[in-house]
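>>> Sequence below, structure please.
(chains A, B and C)
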Amino acid sequence: MSTMVAKVIVDNRSSKTDKPYTYAIKKDMEEDLKQGMRVLVPFGRGNRYIKGLVIKIEKYNGNISKLKYIKDLLDDKPIISEKMLELSLWMKENYLSSYLDSLYAVMPPGDFKKINTYIYINDKQSFNMEQISPKEKNIISILNDKKKVSFSELKKEVKDNNIRKHIKKLEEKGIILTSLEIETKIHKKYEKYITLKNDNMKLEEILSKIDNRAFKQQEVIKFLYEAGETSLKKLLKETNTSNSVVKSLEKKGEIKIIEKEVLRSPIPNGISQYKKHKLTDKQEYCLNEILDTIRNEEGNKFLIHGVTGSGKTEIYLQLIENLIKSGKQAIVLVPEISLTPQTVERFVGRFGQKVAVLHSRLSYGERFDEWRRIKEGKVNIVVGARSAVFAPFNNLGLIIIDEEHENSYKSSMNPKYNAIEVAEKRCELEGASLVLGTATPSLETYYRAKSGEIKLLTLSDRINNKKLPTMNIVDMREELNSGNRSILSVDLYDAIEENLKNNKQTILFLNRRGYSTFISCRKCGYVAKCENCDISLTYHFSENKLKCHYCGMVTSPPRICPECGSKYIKYFGSGTQKIEEIVKKLFPYSRIARMDVDTTSRKGSHARILKSMKNGDIDILIGTQMITKGLDFPLVTLVGIIAADTSLNLPDFRSSEKTFQLLTQVGGRAGRGDFEGQVIVQTYSPEHFSIQMAKEHDYIQFYNKEILLRKEFEYPPFMDIITIVMYGRDRNKVSKVSKKIYSKILEKLKEINKGELAKNIFGPNPAPLEKLKNNYRWQIIIKSDKENLKMLKNVVSRVCIYNSQNKEYKDIKFSIDVNPNSIL
DNA sequence: AGCACGCCGACT
DNA sequence: GTCGGCGTGCTC
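Got it, this is the predicted structure:
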């Protein structure tokens, strides 16, 4: 007779234990246990209890007496649905991540709550002190003091490696008892609210009870009389008082303090309604095509290729509106950096309380609350960054991915998933539809659209027939030849001046923050580099510090060269800080703001800059990446791109694509209002096709050229890429291990008669950024066609994951990435 | 990872 | 005999 058993993934951070364990199920538990539930299981020789997640319940034909039993259920219903579980397991296979990492992605944020063993004295048992060793006596005395102590607490106090031995002995003697307690408390947030106690009394009557000198107290009473129940925070702010005033009023019994649970919501208050726009014919056509195709079951994947300003957002909004009418739910993914209040306002403004927002700046509590709202069906639309693709809806109808080409949709942490692929898989599992939108599709997506796998919808005009901005290219080499050594070309300078005269706004884009990008000694050629990363340090003017943009290390700039002692230290290269300074000098009467990581690190500062930009309080906005997406300022008519070559010269196969996208996206910020826009692109390689095609606003031609290169050099979408990065403190060791791994991969391939694939395995070589955060990094790059991908993944996981505990690989870590963003 | 087990040497 | 340190190997 076969019995039912559960496959459990245990919450144990080790690659050795990252596999399903089989546990027997007690009869009385059989009915309640479902996959997706958390359980408590005995694990290891000591049978200590650890948490795990049931991923499968199945028949078992082996000898059940060899199995251990599940100790306890931690949930009354599954915390993740069957489909999300399946999605998670699919990720594990696809991205070569661990079970646990993949599960964590779909589980509620910060899950697997603490489980503690508590130890206390068994006072029903009398015992003879003489039979007890001093160590044991020590434990008993601690327990006598505290009644009940958690194991971890006791361990801290006793500081003894063999504490388990002693506890075990004491337990055997019956002197102590242990129990397990699970902390299930969800941390809810409470806020204090204040009301008047005697709210039916007249104001004068209450005031008369308070001393005339207690001016502040009277003010508080007056405020409460007018406003009624008010949160403590607001009350203190509005009346400009301190907590002591409120406290003394409470003592007198004039006011009541109530604690109310607040659902932390990241959505700001007071968002005004975002009115429905009438669609243009093109938009209408696009919307109907999607709806009809879905309705007729002719397809469920779409790409809206619409130029900047063609009104994609309004199509999304009306799609969602259409869909939620039928009781379905929708997820909208936007890139992290364009998750600005502007974007949020549009969705919240249209759909109100039915929207949840998820992004990385949420606190743990906020995130948990949003997750719960989604799970409990309190909302039906989620707007969020990458990880929102896992929003726990159970009647999902639509996933929209805006700015589909953005590289932030690829996770750099385990599981290293691509949200577009995950969304596709999720749609497949749940019968939902996928809509991708962008002005500059990724090569991969457009290739699939052309092959008919994804339905392509093109919007080639801006709404209201607004013109796309004219793109002027300035050859900085000529500029130099004609004697202009400034970072601003004459054309750009003139254009800014003209724009200021006309009271229009200007955006200047430079993808480098800081002041100087490197500092160097003119005598001996020394360059200041980060000691952890082997990367030149950026000088930040305002703090007078050198910073490493990779690991965050900060030092003071040297006055004399640390190599040769000369005083001739010079600062080279320009970042946004320097541009700001130069522009301030050149246009002293203009209002200038800078937006990059350094000016927006504080909560709310981002929104503040955008607001003053919108209000027209800024003439020139200088910024990095951050200003490229989704911003919609009608008064911006000029965009200056200070250095178009930065991204072009990176040793990466996507550099052309990235450059084209950047120019098109940044340029697209110009001329969105009633005035025509102009873009000035400064470059040292004006003849490069990605710059030329961006100038012509010709994505198709860019695509046609780039796709040929991808085919010729065997890059995606024609080949998949797996990178294995091996890293550690000791350069020799890293090099040695990576060579070993390489030969092991070849060995495995030969074993299965696939030796000829060796030509597609490159390396091991030092990664282009060889040293980061004190780790040396070597990499192996594997290219694979569709047929061999699964097999190659298998080989990689055998060699790198299954054997990673191997003693030879001690101190070396592996990072495996399937189709990474870049191969730096 | 985290833990038990076993071996060894020091100390009583 | 007891205690603590350390290396090894396993976890349904």
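>>> Close to DNA strand C: what parts of chain A are there?
When proximity is defined as CB under 7 Å from any atom of the strand, chain A approaches DNA strand C at A:12, A:14, A:16-17, A:19, A:21-24, A:41-45, A:47, A:66-68, A:133-135, A:160-162. C-beta: built from backbone N, CA, C; applies to glycine.
>>> Those residues in helices, which ones?
Counting by DSSP state H, the part of those found in helices is A:134, A:135.
>>> Kindly give a single PyMOL line that selects the buried subset of the residues of chain A next to DNA strand C.
This is how PyMOL selects the buried members of the residues of chain A next to DNA strand C, with burial counted by 16 or more other CB atoms under 10 Å:
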select buried, chain A and resi 17+21+22+23+24+41+43+67+135
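>>> Go back to the residues of chain A next to DNA strand C and keep what's next to DNA strand B.
Counting by CB under 7 Å from any atom of the strand, A:12, A:14, A:16, A:17, A:44, A:45 from those sit close to DNA strand B.
>>> and the residues you listed as a markdown table, adding pLDDT?
Compiled in a markdown table, those are given as follows (pLDDT from 0 to 100):
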| residue | pLDDT |
| --- | --- |
| A:12 | 87 |
| A:14 | 84 |
| A:16 | 86 |
| A:17 | 91 |
| A:44 | 89 |
| A:45 | 85 |
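>>> Distance to residue A:719 for these - can I get that in TSV?
Converted to TSV, those look like this (distance: CB to CB, whole Å):
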residue	distance to residue A:719
A:12	36
A:14	33
A:16	33
A:17	34
A:44	43
A:45	47
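>>> check contacts around residue A:59.
Residues in contact with residue A:59, defined by CB atoms under 8 Å, 6 or more residues apart in numbering, are A:2, A:3, A:4, A:5.
>>> now with 7 Å?
The neighbours of residue A:59, taking CB atoms under 7 Å, 6 or more residues apart in numbering as the test, are A:2, A:4.
>>> That one and DNA strand C, how far apart?
As judged by CB to the nearest atom of the strand, to the nearest Å, residue A:59 and DNA strand C stand 14 Å apart.
>>> can you pull the buried residues of the host helix or strand of that residue?
Using DSSP states H and E, residue A:59 sits within strand A:48-60. By neighbour count on 16+ other CB under 10 Å, the buried set for strand A:48-60 is A:49, A:50, A:51, A:52, A:53, A:54, A:55, A:57, A:60.
>>> Tell me the helix or strand right after it.
strand A:72-73.
>>> quick one: average pLDDT of the helix or strand just after that next one?
Using DSSP H and E, the helix or strand that follows strand A:72-73 in sequence is helix A:82-95. In this model, helix A:82-95 has an average pLDDT of 96.
>>> likewise stretch A:144-155?
pLDDT averaged over stretch A:144-155 gives 75.
>>> repeat for stretch A:368-379
Stretch A:368-379 shows an average pLDDT of 86 in the prediction.
>>> List the buried residues in that stretch.
For stretch A:368-379, by 16+ other CB under 10 Å, it's A:368, A:369, A:370, A:371, A:372, A:373, A:374, A:375, A:379.
>>> Kindly indicate whether the residue nearest to the last one when sequence neighbours are not counted is helix, strand or coil.
Leaving out its chain neighbours, the residue that sits closest to residue A:379 by CB to CB, 6 or more residues apart in numbering is residue A:356, at 4.4 Å. At residue A:356, secondary structure determined by DSSP: H, G, I helix; E, B strand; the rest coil is strand.
>>> just residue A:193 next, same as before
For residue A:193, the assignment made with three-state DSSP gives strand.
>>> thought it was touching residue A:256?
No: taking contacts as CB atoms under 7 Å, residue A:193 lies outside contact range of residue A:256: 8.7 Å.
>>> Give me the phi and psi for residue A:300.
In terms of degrees, to the nearest 10, the main-chain angles of residue A:300 are phi -140, psi 20.
>>> Likewise for the one 3 residues further on?
When read as degrees, to the nearest 10, the backbone of residue A:303 gives phi -120, psi 120.
>>> Next, the contact list for it, please.
By CB under 7 Å, 6+ apart, the contact list for residue A:303 reads A:436, A:441, A:445, A:449, A:454, A:456, A:457.
>>> what about whichever residue of the stretch 551-700 of chain A sits closest to DNA strand C, neighbour count?
Residue nearest to DNA strand C within the stretch 551-700 of chain A (CB to the nearest atom of the strand): residue A:551, separated by 31.2 Å. Look at residue A:551: counted by other CB atoms under 10 Å, it has 16 neighbours.
>>> Return the set of buried residues in stretch A:505-525.
For stretch A:505-525, by 16+ other CB under 10 Å, it's A:505-521.
>>> Let's see which of these end up in strands.
Those of those mapping onto strands are A:505, A:506, A:507, A:508, A:509, A:518, A:519, A:520, A:521, per DSSP state E.
>>> and which of those residues is nearest to DNA strand B?
Once CB to the nearest atom of the strand is applied, the member of those that ends up nearest DNA strand B is residue A:518, at 37.8 Å.
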